[in-house]
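Peer 1: quick one, fold the following:
(chains A and B)
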Number of protein chains: 2
Amino acid sequence: MLATDKVKKVHLMEVGPRDGFQSEKQFVPTETKIRVINALSRTGLPAIQVTSFVHPKAIPQFVDAEDVVAGIDIVPGVSYRALVPNMRGLERARRFRDRIDGVSFMLSVTESHNRANGNRSIDQTLEEIAGMARLAAEDGFTIYGSMICALGCPFEGQVGLDQLDRIAARYVELGVRKISIADTIGVANPKLVHDVVSHMVARYPEVAFNMHLHNTRDMALANTLAALEAGVSRFDGGVAGLGGCPYAPGATGNIATEDMVNMLHGMGIETGIDLDKLLDVARVHKEFIPHALDSALLRAGRGNVLLPAPERQQKVAS
Amino acid sequence: MLATDKVKKVHLMEVGPRDGFQSEKQFVPTETKIRVINALSRTGLPAIQVTSFVHPKAIPQFVDAEDVVAGIDIVPGVSYRALVPNMRGLERARRFRDRIDGVSFMLSVTESHNRANGNRSIDQTLEEIAGMARLAAEDGFTIYGSMICALGCPFEGQVGLDQLDRIAARYVELGVRKISIADTIGVANPKLVHDVVSHMVARYPEVAFNMHLHNTRDMALANTLAALEAGVSRFDGGVAGLGGCPYAPGATGNIATEDMVNMLHGMGIETGIDLDKLLDVARVHKEFIPHALDSALLRAGRGNVLLPAPERQQKVAS
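Peer 2: Just a heads-up that it's a prediction; the model follows:
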């Protein structure tokens, strides 16, 4: 029996409107963002990260964060979340507590990446996060703590379990019970994923871990399988496979949500998502994203449609 | 522990010069084919399928099968193999018994696909294969029997284990001890792979099974992991991710050998292959293949090179 045979349901968070659009140089019009999020809200997805309350100078793509959050339909049963990179971001998010129920904090697990990303040390970031966690908890936000580069850093390579423990333990101290383990630059392999995730799941039974896997080296679905086997059942996906990493030129982005759903459903694992509706949303991206999309299902289709059999020899395949 | 932790070594057969080039409309010059195969021979790959002795009317790409086999360097330690779709093909291959040590037979596991591929019934193909197996054994060829569409057929969908058993049992009766389970159109998922492979491995302990996985829906590496867990340690790969399927428009091809090697090495599993040399061969394909190559490593690099850490904030990644 495959170790995943015991997994019956997976919880997916759609991060395309945030992680995906973040990598797009061209501004995605606010009404397009809203249209995409509204369509995603009606696919059965349980959670969508809709924007980032980051300073527009850092990422101009999210200059319209407030407009997006104010403009989207709030569909019952869907959890709407935002990335809040710092206290200023959290303060902006708080104004939308009636629309957003979760906030994600940003923390790299290596000093060099945290500095490149946030211009300060891990301890400095954790200090700010401590205050943010208090405030967000008061507001009743669910808090999601990220461990960026947990499975590999572009500057420091593989990260020791002791370092991951230090970050996770601090998150737990601060009351964070949802932690995302990110393969930000897509360098993980199934064994590493299984080793790290098994360790974390065993050590922090009070935490619901989530995987954020990039498909840079085509291993995201294999890594998904390894994480499932290690006991994680929460994953991020980016519709249409948008995204990338500023430190990995030519790299592909998030694993396409539709490709992950297709695998999970094929394995008999529920997601609650209507794959055809999700594919429709993925397809819409072709209208406004000016480059090829890294989605296997957009290219090849679901593979669930039988073709008429020819009467005689046509072409040779093997 | 991940179930693959017990796997120490994987045996890879490179099928790019056959399955890859087969899908190319443009003729690949004979000297280019020879150059690619000669370079592959020096990467540490243990086996290469160098051509198909198919009728040139069926696949004009292989009109030069004899010239390729006669022209390549025979490097000690490398197994050179050819696809022989029928007795006529085997007769052509026999003239090169001093250069080729293995022949692959072609058989689809569904009647409709076998007819589309070979214009006859499965029983008719098996009857010819019986004679071919006798002759090939007399010549001392190692025989590889393929089970095309074993994990899904474009005309009939999922294939029952009883049908796979019928084919495998017949192969075994005919003396075939190496059988390739093919996901020809890339519709398998890890659970299906694990179910089918576990069954086959348990039922035919005398057979060395091999997986031939297409990456059409991005699941080839996840399926590789599932097959490893089910006890298979022989895989095909197509350098540079060439290939496709005439029945799956827009479909990607074989899993890129370099992407598979990268995953396996990352997991601590040996292949005997020098990944940098293999990537060099993959890169050469850019010179003569007139379309984008489906190789994650060609796009993104191995991910093993550390970048210099910036002094302060640059871009935001998460």
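Peer 1: leaving aside the residues next to it on the chain, what's closest to A:H265?
Peer 2: A:L275 (6.3 Å; Cβ to Cβ, 6 or more residues apart in numbering or on different chains). Yep, even glycine has a C-beta here, placed from its N, CA and C like the rest.
Peer 1: that neighbour touches A:L264, doesn't it?
Peer 2: No: here A:L275 does not reach A:L264: they are 9.6 Å apart, not a contact under Cβ atoms under 8 Å.
Peer 1: neighbour count: those two, which is higher?
Peer 2: A:L264 (28 against 19; other Cβ atoms under 10 Å in any protein chain shown).
Peer 1: helix, strand, or coil at that one?
Peer 2: helix (DSSP: H, G, I helix; E, B strand; the rest coil).
Peer 1: please, where are all the helices along the stretch 101-250 of chain A?
Peer 2: A:111-118, A:122-138, A:161-173, A:190-203, A:220-230 (DSSP state H, counting those that start in this stretch).
Peer 1: who are the packing partners of the first one?
Peer 2: Spelled out, that is helix A:111-118. helix A:122-138 (3 or more Cβ pairs under 8 Å, 6 or more residues apart in numbering or on different chains; DSSP states H and E).
Peer 1: ok, which stretches of chain A are strands?
Peer 2: A:11-14, A:47-52, A:79-83, A:102-105, A:142-147, A:178-183, A:208-213, A:234-237 (DSSP state E).
Peer 1: mean confidence for the fifth one?
Peer 2: In this model, strand A:142-147 has a mean pLDDT of 98.
Peer 1: check contacts around A:K191.
Peer 2: Counting by Cβ atoms under 8 Å, 6 or more residues apart in numbering or on different chains, A:K191 makes contact with A:A226, B:L2, B:T4, B:D5, B:G266, B:M267, B:G268.
Peer 1: wait, isn't A:P56 in contact with A:E66?
Peer 2: No: using Cβ under 8 Å as the test, A:P56 is too far from A:E66 to be in contact (10.7 Å).
Peer 1: who has more neighbours, the two?
Peer 2: A direct count of neighbours by other Cβ under 10 Å for A:P56 and A:E66 places A:E66 higher, at 16 against 11.
Peer 1: most packed of the helices of the stretch 101-250 of chain A?
Peer 2: helix A:220-230 (a mean of 29; mean count of other Cβ atoms under 10 Å in any protein chain shown).
Peer 1: that one to strand A:208-213, inter-axis angle?
Peer 2: Interaxial angle, helix A:220-230 versus strand A:208-213 (axes from the mean of the first three to the mean of the last three Cα atoms, to 10 degrees): 160 degrees.
Peer 1: ok now helix A:220-230, how far from the chain's centre?
Peer 2: For helix A:220-230, the separation from the chain centroid amounts to 15 Å (computed by Cα atoms, centre = their mean, to the nearest Å).
Peer 1: helices or strands next to that helix in the packing?
Peer 2: helix A:190-203, strand A:208-213, helix A:257-266, helix B:220-230.
Peer 1: now for the nearest residue to A:R283 once chain neighbours are set aside, how many residues are close by?
Peer 2: In space, A:R283 comes closest to A:L298 once its chain neighbours are excluded; the distance is 6.5 Å by Cβ to Cβ, 6+ apart. A:L298 has 21 neighbours, counted by other Cβ under 10 Å.
Peer 1: how far away is A:L298 from A:V281?
Peer 2: The gap separating A:L298 from A:V281 is 11 Å, by Cβ to Cβ, to the nearest Å.
Peer 1: quick check: neighbours shared by these two?
Peer 2: Joint contacts of A:L298 and A:V281 (Cβ under 8 Å, 6+ apart) are A:A240.
Peer 1: want to throw the helices and strands packed on helix A:220-230 into JSON lines with distance to A:F21 and mean pLDDT?
Peer 2: Below are the helices and strands packed on helix A:220-230 laid out as JSON lines (distance: least, Cβ to Cβ, whole Å; pLDDT from 0 to 100):
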{"stretch": "helix A:190-203", "distance to A:F21": "26", "mean pLDDT": "98"}
{"stretch": "strand A:208-213", "distance to A:F21": "16", "mean pLDDT": "98"}
{"stretch": "helix A:257-266", "distance to A:F21": "14", "mean pLDDT": "98"}
{"stretch": "helix B:220-230", "distance to A:F21": "27", "mean pLDDT": "97"}
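Peer 1: can you add distance to A:M87 and give those back as a markdown table?
Peer 2: Compiled in a markdown table, the helices and strands packed on helix A:220-230 are given as follows (distance: least, Cβ to Cβ, whole Å):
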| stretch | distance to A:M87 |
| --- | --- |
| helix A:190-203 | 27 |
| strand A:208-213 | 23 |
| helix A:257-266 | 30 |
| helix B:220-230 | 40 |
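Peer 1: and the pLDDT for A:Q313?
Peer 2: For A:Q313, pLDDT reads 68.
Peer 1: same check, this time on A:H113
Peer 2: 95.
Peer 1: swap in the one 10 residues further on?
Peer 2: The per-residue pLDDT reported for A:D123 equals 97.
Peer 1: how much space separates it from A:G160?
Peer 2: 17 Å.
Peer 1: against A:F96, how distant is the residue nearest to A:H265?
Peer 2: 30 Å.
Peer 1: check A:H212 too.
Peer 2: From A:H212 to A:F96 the distance is 23 Å (Cβ to Cβ).
Peer 1: quick one: contacts for the closest residue to A:N262 other than its chain neighbours?
Peer 2: Using Cβ to Cβ, 6+ apart and skipping the chain neighbours, the partner closest in space to A:N262 is A:L297 (5.7 Å). Contacts were defined as Cβ under 8 Å, 6+ apart; by that measure A:L297 touches A:A256, A:E258, A:D259, A:N262, A:L279, A:A282, B:R217.
Peer 1: just flag the most distant two among those residues.
Peer 2: Farthest-apart pair in the contacts of A:L297 is A:A282 and B:R217; separation 13.4 Å (Cβ to Cβ).
Peer 1: give me the more crowded residue out of the two.
Peer 2: B:R217 (31 against 27).
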